[in-house]
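J.: turn this into a structure:
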Amino acid sequence: MDRSTRTNVIIRIRASALVILFALFSVNASGQSETSDFARIGHAAFLSTTVSDYQCVGINPANLGFVPLTDIFELATPMEGGIERRRRDFTFTLLEGGVSAHSDALGRGGLFDLIFQEGGVTFSAAQKTAAAKAFSGNGVRINADVFVVGAAFQSQHFGGFALTIRERATGTFVFNDEASKLIFEGRTSGYFDSVAVNFNGDTIGFSTNPQYFSKLFNGSVLSMLWFREYAASYGVKILDIKPVKLYVGATLKYLESYAYLDARVENGTFNARSALSPFFDINYGKATTPSAIPGTSLAPVGLGWGLDVGATMEIGDWTMSASVADLGKLVFDGNVFNAYDTILNGLSSTGFDNYNIFEEAQKITGDGEFFKWSGLQTADTELPTRFKAGVSYFYNYRWRFGVDMAASVNKAAGSIEQPIFSGGADYRITPWCTLGMGIGAGSNMGFFVPVSAVFSIFNGTWEIGLSSRDLITYLVSKQPVVSLAVGFLRFRM
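T.: Below is the predicted model:
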């Protein structure tokens, strides 16, 4: 491999690293909320009232207080023994979780190109115009949630404990009409009414009526957040007066962040900050920062803390749940930059050549292009706090029905743009197989059909599960929600 080829490979790896993160281990893909919650295997349309053990971390820690019981599927008779599964107090997993991507701008094929970084195609002028039209007021949202390791113990008397390490990432890229044209058409956009050649011989598009970013990009959002979460959770039953049981719980989190970008224009106000690990080798032009991290390692650029609190109530066969997840903040002190509002006058780029957004993004972050960067010593942000609630009904050991909702409490990077609602049913076909299916809507996804399956083998010791947010995506190309959460190493003892 010659030096030029090797350099191109390194650049491509770095530019693609965030998407590779989103597709961790190439087996996962969506979320019950925008920031991950979908990645709980074996659960489809509702989670808040049903997930337990380590799987309830990030959703409702009160469910750790559920007391494990022996499952009885058929009662014994004088002639035959019954069918039951003994209670399991300890649960453990490795590399369980999922990733999602959904878009109201791209069809299924374009979304797959973005996910798998198929950057070989070069758009024609007509294709760039079509892409600009498709992204006008629309965008792409990507989320990931992977349990590197998770363990929980739920006792018969003093509640349940869980320890987890998770990788979490989310990205939202939404453009208004003008931003979409500038990004995909570059200097050929109608905004530029003049052309000149600079001293380097580069063709530059100029505007004789230049505008500030805050006017041009109003309504646009470019946000991204990736952090590693170390969490300790506890849930306990605090009331048991028939037919009422009440559980409460909390999760404390320590966070290490590797990527942060939050650029948005709202109501004519432009704000943009960035803190990215040196591994990504992002081009900030001539800007420098006092918080620079040397080298090319995957070093953390920020630390933080988080808190989840929740409560669950059982009244007979009905269960109600409410929680607030991701209270807290991150403080960045590595590679921190701020982009300031300025006039967009000239542009040399001819626009994105394909849907490989992460590789093409260098065309708008680099020297002389859209953003003008300055360095910062530190910056901080709130976590994308969400409120969750749900209700479910236990009909019998085979059937359970439920509804769920999730909504953002703030507008931090990774927040849900619109509330998400879903409902459906879980059906236990046999003691070793449970299926789930439902319908949902929200967060720019239109209607989606979540499905799930979990297989319990070796008398319930080993569970294998998968979930997908949207079955329709594999049948219809428009507004795709590419999603799959998988777990092969879930053990209950």
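J.: how about the contacts made by L246?
T.: K237, I238, L239, D240, A311, T312, M313, E314 (C-beta atoms under 8 Å, 6 or more residues apart in numbering). Glycine gets a C-beta too; all of them are placed from N, C-alpha and C.
J.: I should have written F217 there, sorry.
T.: F175, N176, E178, A179, V265, F270.
J.: now, these that are in strands?
T.: V265, F270 (DSSP state E).
J.: which among the contacts of F217 gets closest to S214?
T.: F270 (4.0 Å; C-beta to C-beta).
J.: bridge partners for that closest one, pull those for me.
T.: V265 (DSSP bridges).
J.: quick check: it vs A412, distance?
T.: The gap separating F270 from A412 is 17 Å, by C-beta to C-beta, to the nearest Å.
J.: now G109
T.: In terms of C-beta to C-beta, G109 sits 32 Å off from A412.
J.: same check, this time on H157
T.: Taking C-beta to C-beta, one finds H157 at 39 Å from A412.
J.: out of those two, which sits in the busier spot?
T.: A412 (19 against 7; other C-beta atoms under 10 Å).
J.: surely the more buried one forms part of a helix?
T.: No - counting by DSSP: H, G, I helix; E, B strand; the rest coil, A412 is not found in a helix; it is coil.
J.: that one against T385, yeah?
T.: Yes - counting by C-beta atoms under 8 Å, A412 touches T385, with 7.3 Å between them.
J.: give me the common contacts of those two.
T.: With C-beta under 8 Å, 6+ apart, A412 and T385 have no common neighbours.
J.: mind listing the strands for the stretch 1-150 of the chain?
T.: 71-74, 83-85, 90-103, 139-154 (DSSP state E, counting those that start in this stretch).
J.: including mean pLDDT and distance to R166, could these go into a markdown table?
T.: Output for those, formatted as a markdown table (pLDDT from 0 to 100; distance: least, C-beta to C-beta, whole Å):
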| stretch | mean pLDDT | distance to R166 |
| --- | --- | --- |
| strand 71-74 | 70 | 28 |
| strand 83-85 | 66 | 28 |
| strand 90-103 | 90 | 7 |
| strand 139-154 | 92 | 5 |
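J.: distance to A126 and mean neighbour count for these - can I get that in JSON lines?
T.: Output for those, formatted as JSON lines (distance: least, C-beta to C-beta, whole Å; neighbours: other C-beta atoms under 10 Å):
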{"stretch": "strand 71-74", "distance to A126": "60", "mean neighbour count": "14"}
{"stretch": "strand 83-85", "distance to A126": "60", "mean neighbour count": "15"}
{"stretch": "strand 90-103", "distance to A126": "21", "mean neighbour count": "23"}
{"stretch": "strand 139-154", "distance to A126": "21", "mean neighbour count": "24"}
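J.: list the buried residues for the helix or strand encompassing A389?
T.: Assigned by DSSP states H and E, A389 belongs to strand 386-394. Using 16 or more other C-beta atoms under 10 Å as the test for burial, strand 386-394 gives R386, F387, K388, A389, G390, V391, S392, F394.
J.: can you list contacts of it?
T.: Taking C-beta under 8 Å, 6+ apart as the rule, strand 386-394 contacts 33, 35, 37, 46-50, 59-60, 310, 317-326, 400-409, 415-416.
J.: could you flag which of the residues you listed are buried?
T.: Using 16+ other C-beta under 10 Å, the buried ones in those are 33, 35, 37, 46-50, 59-60, 310, 319, 321-323, 325-326, 400-409, 415-416.
J.: I'd like to know how far the nearest residue to P290 once chain neighbours are set aside sits from T385.
T.: Excluding the flanking residues, the one nearest P290 by C-beta to C-beta, 6 or more residues apart in numbering is Q377, at 5.1 Å. Distance of Q377 to T385, given as C-beta to C-beta: 26 Å.
J.: for L182, which three-state class applies?
T.: Assignment for L182 (three-state DSSP): helix.
J.: surely it and L347 touch.
T.: Yes - under the criterion of C-beta under 8 Å, L182 makes contact with L347 at 7.3 Å.
J.: which residue ranges of the stretch 201-350 of the chain form helices?
T.: Shown for the stretch 201-350 of the chain, the helices assigned by DSSP state H, counting those that start in this stretch span residues 213-216.
J.: now the strands: where do they sit in it?
T.: Using DSSP E, counting those that start in this stretch, strands in the stretch 201-350 of the chain cover 203-212, 221-241, 244-266, 269-276, 302-315, 318-332, 336-339, 343-347.
J.: can you list those in JSON lines and add distance to P450 and mean pLDDT?
T.: Supplementary listing: the strands of the stretch 201-350 of the chain in JSON lines, determined by distance: least, C-beta to C-beta, whole Å; pLDDT from 0 to 100:
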{"stretch": "strand 203-212", "distance to P450": "42", "mean pLDDT": "88"}
{"stretch": "strand 221-241", "distance to P450": "24", "mean pLDDT": "94"}
{"stretch": "strand 244-266", "distance to P450": "24", "mean pLDDT": "95"}
{"stretch": "strand 269-276", "distance to P450": "33", "mean pLDDT": "91"}
{"stretch": "strand 302-315", "distance to P450": "21", "mean pLDDT": "97"}
{"stretch": "strand 318-332", "distance to P450": "18", "mean pLDDT": "96"}
{"stretch": "strand 336-339", "distance to P450": "38", "mean pLDDT": "92"}
{"stretch": "strand 343-347", "distance to P450": "42", "mean pLDDT": "83"}
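J.: which of those sits closest to F92?
T.: strand 221-241 (14.6 Å).
J.: report the buried residues of the helix or strand harbouring R490.
T.: Taking DSSP H and E as the definition, R490 sits inside strand 481-492. Neighbour-count burial for strand 481-492 flags V481, V482, S483, L484, A485, V486, G487, R490, F491, R492 (criterion: 16+ other C-beta under 10 Å).
J.: for the protein, which residue occupies the most central location?
T.: N143 (2.1 Å; C-alpha atoms, centre = their mean).
J.: measure that residue to S220 for me?
T.: Counting by C-beta to C-beta, the gap from N143 to S220 is 19 Å.
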